[in-house]
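Engineer: whatever this is, show me its structure:
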Amino acid sequence: MALPDFKQLQQNKTAVPAWAKDLPDGAFISYDNTYKTRIYFDLFDKYIMPCPETGDLRYYVYDPVKHGADPTKQYPVLMWCHGASNSLMEEGCIMCCGAEQFASPAYQARMGGAYLIVPLCNEERLPDGTILGAWDKVHSAPVKAIFDRVCQEHAANIGKKFIMGASSGGYFTWQMLEDYGSYFDGAMPIASGYVPADDVLDRIAEGGTELLIAHGRHDEMAVFDECIAPRMEKLMQLENCICFFPEWVYNGDGGVSSVFYGFEMGQHCMINWVQHDLRFDDGRPADDRLPDGVTGWIRRIVNGK
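Structural biologist: Got it, this is the predicted structure:
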């Protein structure tokens with residue numbers, strides 16, 4: 001896959017996406033998130049997991065106890081898997097993968113506290129923009145080892161386990177569920193171009209993992225009619241699964257999301273809406289089944305409701 005170097009580009013905030021002609025009356029295009037970014041990076045500590053198969057893997061951890069949470073309680077662990085090329089942004093990957101806002105005091109309070117893990121694969125950009133080394137099955141065991149290490153190091157405070165990721169990270173979320181499904185209490189594959197086979201989906205559901213599958217119907221990169229529509233009936237029949245397939249992906253200000261860096265991917269960037277907690281700035285939920293957003297979904301699973 002060839003992708004531009006987003007660090008070297010400015011977003012075009014005047015671009016008119018091809019899908020704009022399909023917007024409903026009264027809708028407007030939004031080019032910006034309303035949450036602030038790059039303000040919680042220093043709350044994450046950086047580590048390295050030795051791995052001869054893939055090369056040593058870097059990863060970041062947010063520890064709620066270190067930042068004031070009650071040391072006598074248990075907290076869920078959320079692993080966030082980044083999209084293609086995002087590891088090249090180093091600590092900026094904390095923002096791109098979706099984890100940053102969940103380290104904020106507000107989101108931590110909504111969840112009742114949570115550990116956050118951000119693993120980075122060893123990607124490389126070729127001169128033509130092709131990305132090598134993105135998430136693959138070979139990463140499954142070492143990333144599971146990272147999860148295990150964090151849980152062992154904080155054993156007294158570890159509660160339920162979650163994995164989530166968008167785009168390439170959405171694929172890898174499914175891959176981890178295929179390989180270690182019963183290990184996770186909750187999972188959120190987002191804007192994934194891949195969905196496992198029916199028998200694998202059944203096995204994941206039987207393992208008790210609660211799923212929140214999020215995918216916009218105008219996704220420009222993981223095209224809904226190709227990736228989700230053929231499997232939608234099966235996905236919607238799964239037990240303990242919420243399928244969030246909105247017509248439009250929004251920002252917190254209520255505008256339809258546009259992100260243009262030489263190509264349009266605003267509707268693919270469902271992760272931005274997730275960092276808005278799938279809620280609008282006025283408090284409205286993106287979906288009535290998620291009245292308290294993603295943080296509320298996490299807390300419900302943690303509390304066993």
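Engineer: which SSE is the nearest residue to S167 once chain neighbours are set aside in?
Structural biologist: Distances taken as C-beta to C-beta, 6 or more residues apart in numbering place G83 nearest to S167, at 3.5 Å, with adjacent residues excluded. Where C-beta positions appear, they are placed from N, C-alpha and C, glycine not excepted. Taking DSSP states H and E as the definition, G83 sits outside all helices and strands.
Engineer: quick check: the gap between G83 and G255.
Structural biologist: 22 Å (C-beta to C-beta, to the nearest Å).
Engineer: ditto for L212
Structural biologist: For L212, the distance to G255 - C-beta to C-beta - is 23 Å.
Engineer: sorry, back to before: which of G83 and G255 has more neighbours?
Structural biologist: G83 (28 against 17; other C-beta atoms under 10 Å).
Engineer: would you confirm that the more buried one contacts C96?
Structural biologist: Yes - between G83 and C96 there is a contact under C-beta atoms under 8 Å: 6.7 Å.
Engineer: mutual contacts of the two, please.
Structural biologist: Shared contacts of G83 and C96, defined by C-beta atoms under 8 Å, 6 or more residues apart in numbering, comprise I271.
Engineer: for stretch 94-102, give me every contacting residue.
Structural biologist: So stretch 94-102 is in contact with 35, 37-41, 44, 60, 62, 78, 80-83, 86, 89, 103, 107-108, 111, 114, 116, 118, 164-166, 169, 190, 271, 274-277, 295, going by C-beta under 8 Å, 6+ apart.
Engineer: ok, now with 7 Å
Structural biologist: Residues outside stretch 94-102 that contact it (C-beta atoms under 7 Å, 6 or more residues apart in numbering): 35, 37-38, 40-41, 44, 60, 78, 80-83, 86, 89, 107, 114, 116, 118, 164-166, 169, 271, 274-275.
Engineer: could you do stretch 201-216 as well?
Structural biologist: Here stretch 201-216 has contacts from 177, 181-182, 184-191, 224, 228, 234-235, 238-246, 248-249, 267, 270, 274, 297, 301, using C-beta under 7 Å, 6+ apart.
Engineer: for G252, see how far away the nearest residue to G255 once chain neighbours are set aside is.
Structural biologist: What sits nearest to G255 in space, not counting adjacent residues and going by C-beta to C-beta, 6+ apart, is S30, at 2.5 Å. Distance of S30 to G252, given as C-beta to C-beta: 8 Å.
Engineer: ditto for Q11
Structural biologist: 17 Å.
Engineer: mind checking which of these two has more residues around it?
Structural biologist: G252 (21 against 15).
Engineer: that one against L278, yeah?
Structural biologist: No - in this structure, G252 is not within contact of L278 by C-beta atoms under 7 Å, at 10.0 Å.
Engineer: what sits against the residue nearest the centre of the chain?
Structural biologist: For the chain, the residue sitting closest to the mean C-alpha position, by C-alpha atoms, centre = their mean, is G165 at 3.1 Å. Residues counted as contacts of G165 (C-beta under 7 Å, 6+ apart) are 80-82, 97, 172-173, 190.
Engineer: that older thread, check contacts around the residue nearest to G255.
Structural biologist: By C-beta under 7 Å, 6+ apart, the contact set of S30 is 251, 253, 255-258.
Engineer: let's see it at 6 Å
Structural biologist: Residues in contact with S30 (C-beta atoms under 6 Å, 6 or more residues apart in numbering) are 251, 253, 255, 257.
Engineer: show me where the stretch 51-200 of the chain has its strands.
Structural biologist: 57-62, 75-81, 115-120, 124-125, 131-132, 158-166, 186-190 (DSSP state E, counting those that start in this stretch).
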